[in-house]
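Participant: Sequence and predicted model, in that order:
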Amino acid sequence: MSIEELLKKKKEAADGDKKAQFMTKEQRAELALLRRQQEVDEKKKKLDEERQQRDVFIKQADSLKNTERSSRYDRRRRSPSRSRSRSRSPSRRGGGRRDRDRDRDPSPTAFSTITGLSSDSLLLKVEPLVAPHALLDDKVAKREHEAIKERYMGQQEKKKVKKIGERKFVFDWDVTEDTSQDHNPLYNKRYTSQMFGRGHIAGIDIKEQMKEKSRFYDILLEERRTDLEKGRAKELEEMADKRERKTAFDERHWTEKSLQQMTDRDWRIFREDFNVSTKGGNIPHPLRNWEEAPLPVEVLNVIKAVGYEKPSPIQRQAIPIGLQNRDVIGIAETGSGKTAAFVIPMLVFISRLPKITAENMVDGPYSIILAPTRELAQQIEEETRKFASKMGFTCVSIVGGHSIDEQAFNLRNGAEIIIGTPGRLKDCLDRRIIVLNQCTYVVMDEADKMIDMGFEADVNAILNGLSSSNTKPDTEDAENPEKMLSKVDSATERYRQTVMFTATMPPAVEKIARTYMRRPAVVTIGTAGKAVDTVEQVVEFVHSEGQKKDRLMHHLQSGFEAPIIIFVNQKKGADVLSRGLEKQGFKATTLHGGKSQEQREISLAQLKSGAKEILVATDVAGRGIDIKDVSLVINYDMAKDIQDYTHRIGRTGRAGKSGTAITFVTKDDADTFSDLKKMLQESTNSVCPPELANHEATFQKPGQGPKKKKEETIFLQ
């Protein structure tokens, strides 16, 4: 057996004795950590060796550089005449430069002699020097960079220092030595070199060309034009001027144009100016003034006699739609003239029907107007009679609080228009005092308030009592004015027209609109549920009833003119507050649901006539009450919701006039803080107080906080 076979056999026997060993997870982790540590140590050792080699190389390069510099200096000192002759002799100039280059740039052979390394190995040693600069300090890296640069690029020549006495040759010539100035004046002014290009003339200064007084280029072009080109250019100028004049003429404001000159752009600007938005197909253009309105002469005369100078925004858009016998849903801010918006189309509608006589009076009125409260119904009656009496129409109101027998007596001769609350009107229908066989014009004012007051069943019963023979088709014909106005022979053949005015659109109101209206046109003025910008809203935080009373007296004595309205939440609080104001010398009266209809009418009459200067009321007076020139509204108690607050402050700032609304709030009104803050921030002439803006209740959605029962208002004596 050979030695190799013997060694192989021993190795196999040794390997056979080894057994597989089991290692835990911790042992494997320790082994891996140990291997990584070994690798790091090896890399660190390698970097240290490379750093030592670089230091040796840099020292050897510095030593070689100093040696060469010393040898050059010694040669110059020993042979100065040789250096001068070499500088004078042109034949040896090249050789001297080569000697200097050779002295300055030592060859790789010289380096290899000093360092003991070949040129190839030297390059291999130099290349890694530029890689790990981050491991060296700035001084070593800079020296290394200079050594490599000098090795491969040679030594840079230093700036030559001028010796004393050395002659300087000047090649510039003096301008005064130019004798050509005496012969040609063109050279008196020197010009920079010019290039040929579009719009520039060669040889002429560009700055002179750009001056307005320089007409050389224009004159040159004008001389080169033919008569045909000149005529064509003149025609183009005239056409451009004509287009500019036409554009300026077409872009005039709509107030400077006639009705025939109005374009779609003008009508869009018109609606934006009055903040009018519409929805629905085939909407007619709004009214610009009463003179251009498509109204009968007798109606225009009544409008002029009543004193309506110009239509309000809701009247501008709702009246043209109503004249087309089309259903209308109007959403407008309170005090915007909604009553005339449906009364004027209604009178035009009735004027085209036969007169009420003994023969047809038994079929009932031509029009009914539903209102949620007695005061609003009587106010609509007062406004309607201004127009109806002058046109020979009869207008009767049917509201609660009065004897039903007296109201039946007023209907003995028939009436074209009946205004009433849903409850009393439903009672008259049940007693057969009136019928609605020929009613073809229905108005629901403050529809959302009627639903809130629980009149939904009564409203549905009244609308169901109308004749179904004159119902509009639920097709595109309901949007066609020609089809809607085709039946004008009698009231029974005329399509029924339904008009609804509301501040909000709750589901119950939407249900009524879908059931009884056909393809209605929706007219929105401003933002639904937003107060008018003519009302300045002031919110004050109070902490006690005594402080509230002091602030109330302060505002009442601040010079506000009567009439003034003060709102409270409870009937008893209104009576107590009114008696307290009378003891302070103010003329006050009250209006709330606990009073009879006669007492309520007397209170309103006293306030309108000037006998009383302050009205203390609940939310009964919050909607529909129109009292002229109300300068101040005070919310002694904050309303329970933002809708009631909006209608309260809407009693002032009506018909374009300005007003002030002051509201006292306490910690118990936190449920309304979020909506109140939003309304104040959206108003253009109101300021949100810091206490309200930073209150914690304004950072949560309305209705999320715990509701607290409000205490009864008591006016401290």
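Facilitator: Everything's here; your move. Residues are numbered from 1 along each chain as shown.
Participant: A helix includes Arg77, no?
Facilitator: Yes: counting by DSSP: H, G, I helix; E, B strand; the rest coil, Arg77 is located in a helix.
Participant: how does the chain divide up, domain by domain?
Facilitator: Per automatic domain parsing, the structural domains of the chain span 42-76+88-155, 277-525, 535-699.
Participant: Format these as CSV; extra columns: mean pLDDT.
Facilitator: CSV is the format used below for the domains of the chain (pLDDT from 0 to 100):
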stretch, mean pLDDT
domain 42-76+88-155, 63
domain 277-525, 85
domain 535-699, 84
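Participant: distance of Leu463 from Lys11?
Facilitator: Relative to Lys11, Leu463 is positioned 112 Å away (C-beta to C-beta, to the nearest Å). Every C-beta, even on glycine, is put in place using the N, C-alpha and C of the backbone.
Participant: of all the domains of the chain, which lies closest to Glu235?
Facilitator: Among the domains of the chain, the nearest to Glu235 by C-beta to C-beta is domain 277-525 (38.5 Å).
Participant: and that closest one, how far from the chain's centre?
Facilitator: 37 Å (C-alpha atoms, centre = their mean, to the nearest Å).
Participant: same check, this time on stretch 585-598
Facilitator: The answer for stretch 585-598 is 45 Å, by C-alpha atoms, centre = their mean.
Participant: buried ones in it?
Facilitator: Neighbour counts over stretch 585-598 (16 or more other C-beta atoms under 10 Å) mark 586, 588-592, 595 as buried.
Participant: same deal with stretch 369-382?
Facilitator: Those buried within stretch 369-382 under the rule 16+ other C-beta under 10 Å are 369-381.
Participant: Put the alpha carbons of that stretch into CSV.
Facilitator: Extracted C-alpha coordinates of stretch 369-382, given in CSV (Å, rounded to 0.1, in the frame of the first residue of the first chain):
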residue,chain,number,x,y,z
ILE,A,369,-103.6,81.0,-0.7
LEU,A,370,-102.5,78.9,2.2
ALA,A,371,-100.4,80.4,5.1
PRO,A,372,-99.2,78.8,8.3
THR,A,373,-100.2,81.6,10.8
ARG,A,374,-103.1,84.0,11.1
GLU,A,375,-100.9,87.1,11.0
LEU,A,376,-99.2,86.0,7.8
ALA,A,377,-102.6,85.3,6.2
GLN,A,378,-103.9,88.7,7.1
GLN,A,379,-100.7,90.3,5.9
ILE,A,380,-101.1,88.5,2.5
GLU,A,381,-104.7,89.7,2.4
GLU,A,382,-103.7,93.3,3.0
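Participant: so can I have a markdown table of the domains of the chain showing distance to Glu30?
Facilitator: Shown next, in a markdown table, are those (distance: least, C-beta to C-beta, whole Å):
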| stretch | distance to Glu30 |
| --- | --- |
| domain 42-76+88-155 | 19 |
| domain 277-525 | 74 |
| domain 535-699 | 57 |
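Participant: Now the phi/psi pair for Ser467, please.
Facilitator: phi -70, psi 140 (degrees, to the nearest 10).
Participant: what sits against it?
Facilitator: Shown in contact with Ser467 (C-beta atoms under 8 Å, 6 or more residues apart in numbering): 436-439, 492, 496.
Participant: With only the CA atoms kept, save the helix or strand encompassing Lys11 in CSV.
Facilitator: Taking DSSP states H and E as the criterion, Lys11 maps to helix 3-17. C-alpha atoms of helix 3-17 as CSV (Å, rounded to 0.1, in the frame of the first residue of the first chain):
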residue,chain,number,x,y,z
ILE,A,3,1.7,6.4,1.3
GLU,A,4,-1.1,8.2,-0.6
GLU,A,5,-3.5,5.3,-0.1
LEU,A,6,-2.6,5.1,3.6
LEU,A,7,-3.3,8.8,4.2
LYS,A,8,-6.6,8.5,2.3
LYS,A,9,-7.7,5.6,4.4
LYS,A,10,-6.8,7.4,7.6
LYS,A,11,-8.8,10.4,6.5
GLU,A,12,-11.8,8.4,5.7
ALA,A,13,-11.7,6.7,9.0
ALA,A,14,-11.4,10.1,10.8
ASP,A,15,-14.4,11.4,8.8
GLY,A,16,-16.4,8.3,9.7
ASP,A,17,-15.8,8.9,13.4
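Participant: what comes up buried for that helix?
Facilitator: Buried residues in helix 3-17, counting neighbours by 16+ other C-beta under 10 Å, are absent.
Participant: Which other helices and strands does it contact?
Facilitator: Of the remaining helices and strands, none touches helix 3-17 by 3 or more C-beta pairs under 8 Å, 6 or more residues apart in numbering; DSSP states H and E.
Participant: State the three-state secondary structure for Ile419.
Facilitator: Here Ile419 takes the strand state, with states given by three-state DSSP.
Participant: where's Gly414 relative to Val523, distance?
Facilitator: Separation of Gly414 from Val523 (C-beta to C-beta) stands at 32 Å.
Participant: Name the residue in these two with the higher neighbour count.
Facilitator: Val523 (26 against 19; other C-beta atoms under 10 Å).
Participant: What is the stretch of helix or strand that one belongs to packed up against?
Facilitator: If you go by DSSP H and E, Val523 is part of strand 521-525. When contacts are defined as 3+ C-beta pairs under 8 Å, 6+ apart, strand 521-525 packs onto strand 276-279, helix 313-322, strand 328-331.
Participant: Can I get the helix or strand where Ile512 lies in CSV, CA atoms only?
Facilitator: Following DSSP H and E, one finds Ile512 within helix 507-516. Below are the C-alpha coordinates for helix 507-516, written out as CSV (Å, rounded to 0.1, in the frame of the first residue of the first chain):
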residue,chain,number,x,y,z
PRO,A,507,-89.0,65.3,3.0
ALA,A,508,-92.7,66.1,3.8
VAL,A,509,-92.5,69.3,1.6
GLU,A,510,-90.8,67.3,-1.2
LYS,A,511,-93.5,64.7,-1.0
ILE,A,512,-96.2,67.4,-1.5
ALA,A,513,-94.3,68.9,-4.4
ARG,A,514,-93.9,65.5,-6.2
THR,A,515,-97.6,64.7,-5.6
TYR,A,516,-99.3,67.9,-6.6
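Participant: Going forward, the N-terminal residue is numbered 55.
Facilitator: Yep, numbering from 55; the last one is helix 561-570 now.
Participant: list the helices and strands it packs on?
Facilitator: In terms of contacts (3+ C-beta pairs under 8 Å, 6+ apart), helix 561-570 is packed against helix 501-506, helix 510-518, strand 551-555.
Participant: Would you agree Pro348 falls within a strand?
Facilitator: No: using three-state DSSP, the assignment for Pro348 is coil, not a strand.
Participant: which residues touch it?
Facilitator: Contacts of Pro348 were listed using C-beta under 8 Å, 6+ apart, and they are 374, 377.
Participant: Met507: neighbour count?
Facilitator: The number of residues packed near Met507 is 16, by other C-beta under 10 Å.
Participant: Three-state assignment for the spatially closest residue to it that is not a sequence neighbour, please.
Facilitator: Spatial nearest neighbour of Met507, chain neighbours left out: Pro426 (5.5 Å); criterion: C-beta to C-beta, 6 or more residues apart in numbering. When classified by three-state DSSP, Pro426 comes out as coil.
Participant: Phi first, then psi, for Pro426.
Facilitator: Main-chain dihedrals, Pro426, degrees, to the nearest 10: phi -70, psi -30.
Participant: which ones are touching it?
Facilitator: Pro426 makes contact with 475-476, 499-500, 503-504, 507, 509, 677-678, according to C-beta under 8 Å, 6+ apart.
Participant: Just confirm Gln551 contacts Val497, I think it does.
Facilitator: No: judged on C-beta atoms under 8 Å, Gln551 makes no contact with Val497 at a distance of 9.1 Å.
Participant: Do me a favour and get the end-to-end distance for stretch 406-420?
Facilitator: Start and end residues of stretch 406-420 are separated by 11 Å (C-alpha to C-alpha, to the nearest Å).
Participant: next one: stretch 298-311
Facilitator: This stretch, stretch 298-311, spans 18 Å end to end (C-alpha to C-alpha).
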